[in-house]
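>>> turn this into a structure:
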Amino acid sequence: MQNLRNANVEQLLLKLIGAEKTSALFKTLNHPQVLNEWEPGVVTRAELAQAMNMVLFEDLLARSTNGRAYTQDALAAGGSVYFDHGALRTVRWASSGALQPGEAAFARILRPLGFRINGRYPLDRLGMTGRAWAHEDAPDEIAQFFVSELHPERFSAEFQQAVTNVIGTSRDPLTPLATAHLWELEREGVLPLASAHELLPVIVGAFARQHEMPREADYEVLLKESAEMAWIATEGNAFNHATDRVADVFQLSDDEKAKGRPMKPEVERSRSGRVFQTAYRADIVKREFRAADGSTVTREVPGSFYEFITRKRTFDQDTRRWETDLRFDAGNAQGIFKMTASQAA
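Below is the predicted model of the structure:
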């Protein structure tokens with residue numbers, strides 16, 4: 001079923017990103033079985049969720065040289081990518097301009113698309129909380145979202161002021177029309193194709209930086225206490241990472257290290273012994289800052305990265321089916337988050 005194309009998803013992608021990228025994505029990513037049937041011109045929430053996920057995956061590859069190289073290698077070897085989840089970071093802080101604080105800015109998008117919270121994970125070492133969002137119609141096949149919130153009140157007063165300085169200029173990417181479309185989608189479960197065409201670029205655009213260029217002085221304050229908040233200052237709500245679900249993450253780690261790729265030294269293991277994760281170190285990107293004299297300076301900072309996960313399966317006696325363990329692990333997550341912290345500069 002790898003090359004099966006849902007016509008509605010295809011139409012949404014063609015208009016937004018063009019034929020070449022659309023074709024590449026269909027060849028690259030797993031095809032959820034829930035999309036095997038469709039009604040031309042009537043877009044379901046699962047179809048719109050999958051289209052959004054595919055565009056966000058493509059955006060991550062555009063920003064991650066290592067992720068792009070890995071994906072090209074996988075395709076060249078006759079393989080593909082099983083898109084497990086994408087991760088983004090938010091800030092739960094009242095002074096966030098026109099943008100809703102923290103996870104709320106994305107709950108209003110994810111809920112109408114059919115996603116529901118599938119677990120809460122305290123990330124106390126980082127002053128954050130993570131929540132997994134899985135799709136009700138195909139939790140095992142439509143990529144989940146791991147949305148983390150940073151809690152500035154757990155840091156110093158100076159840090160809190162720097163947070164306000166940085167994100168206080170945030171704009172709201174959702175237009176009134178997009179909000180209306182999301183409400184209709186949540187109520188009906190479907191949208192006319194024309195409405196979905198209008199909505200898709202807006203919700204994709206929410207996964208980006210909504211605030212102005214940060215001041216270098218604020219960035220330095222944030223970096224001293226939280227590499228994660230410093231990352232948000234430059235990257236905003238863009239995908240922090242996208243993840244390929246693989247059969248054996250330990251073998252993959254060894255193989256990628258042998259290629260000289262910048263892999264995490266050790267594979268993270270969940271306390272349950274059922275979820276295993278590793279990643280490349282973050283790609284280094286150039287970002288602009290406002291200097292004290294008002295000029296613009298450019299610095300190299302950690303950008304996004306590409307992750308790998310192996311999830312064990314168990315045979316469910318009640319359903320008589322093999323069930324994938326879709327949970328996350330707080331310890332794993334905090335270890336993976338270090339992929340951007342280690343190179344903050």
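
>>> can you show me the helices along the stretch 1-150 of the chain?
7-17, 19-28, 45-63, 65-76, 104-110 (DSSP state H, counting those that start in this stretch).

>>> what does the worst-scoring helix or strand of the chain on mean pLDDT contact?
Every helix and strand of the chain was ranked by mean pLDDT, DSSP states H and E. The lowest is helix 330-341, at a mean of 73. With contacts defined as C-beta atoms under 8 Å, 6 or more residues apart in numbering, helix 330-341 is touched by 121-123, 125-126, 130, 146, 148, 227-228, 231, 240-241, 264, 268-271, 275, 277, 279-282, 302-305, 307. In this view, the C-beta of every residue, glycine as well, is placed from N, C-alpha and C.

>>> strands of the stretch 151-300 of the chain, start to end?
190-192, 241-245, 268-269, 275-279, 284-290, 296-302 (DSSP state E, counting those that start in this stretch).

>>> quick one: the first one to chain centroid distance?
Translated: strand 190-192. 24 Å (C-alpha atoms, centre = their mean, to the nearest Å).

>>> reformat the strands of the stretch 151-300 of the chain as TSV; add distance to residue 176 and mean neighbour count.
Converted to TSV, the strands of the stretch 151-300 of the chain look like this (distance: least, C-beta to C-beta, whole Å; neighbours: other C-beta atoms under 10 Å):
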stretch	distance to residue 176	mean neighbour count
strand 190-192	16	19
strand 241-245	30	24
strand 268-269	42	19
strand 275-279	38	23
strand 284-290	31	15
strand 296-302	33	14
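
>>> adding mean pLDDT as columns, could you present these in CSV?
Below are the strands of the stretch 151-300 of the chain laid out as CSV (pLDDT from 0 to 100):
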stretch, mean pLDDT
strand 190-192, 98
strand 241-245, 96
strand 268-269, 90
strand 275-279, 94
strand 284-290, 97
strand 296-302, 97
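
>>> related to what we said a few turns ago, okay, the helices of the stretch 1-150 of the chain, which one's buried deepest?
helix 45-63 (a mean of 23; mean count of other C-beta atoms under 10 Å).

>>> okay, angle between that one and helix 19-28 too, please.
Relative orientation of helix 45-63 versus helix 19-28 (axes from the mean of the first three to the mean of the last three C-alpha atoms, to 10 degrees): 100 degrees.

>>> so how far is helix 45-63 off the chain centroid?
Centroid separation between helix 45-63 and its chain, computed with C-alpha atoms, centre = their mean, is 9 Å.

>>> now stretch 260-268
On C-alpha atoms, centre = their mean, the centre of stretch 260-268 falls 20 Å from that of its chain.

>>> measure it end to end?
With C-alpha to C-alpha, to the nearest Å as the measure, stretch 260-268 spans 20 Å from end to end.

>>> same check, this time on stretch 92-112
Start-to-end span of stretch 92-112 (C-alpha to C-alpha) is 21 Å.

>>> before we move on, what about stretch 224-244?
End-to-end distance (C-alpha to C-alpha), stretch 224-244: 32 Å.

>>> buried ones in that stretch?
225-244 (16 or more other C-beta atoms under 10 Å).

>>> could you do stretch 73-92 as well?
Residues 80-92 are the ones in stretch 73-92 that count as buried (16+ other C-beta under 10 Å).

>>> now swap in stretch 126-136 and tell me
126-135.

>>> and the angle from the least confident helix or strand of the chain to strand 241-245?
Using the same axes, to 10 degrees: helix 330-341 against strand 241-245 is 130 degrees.
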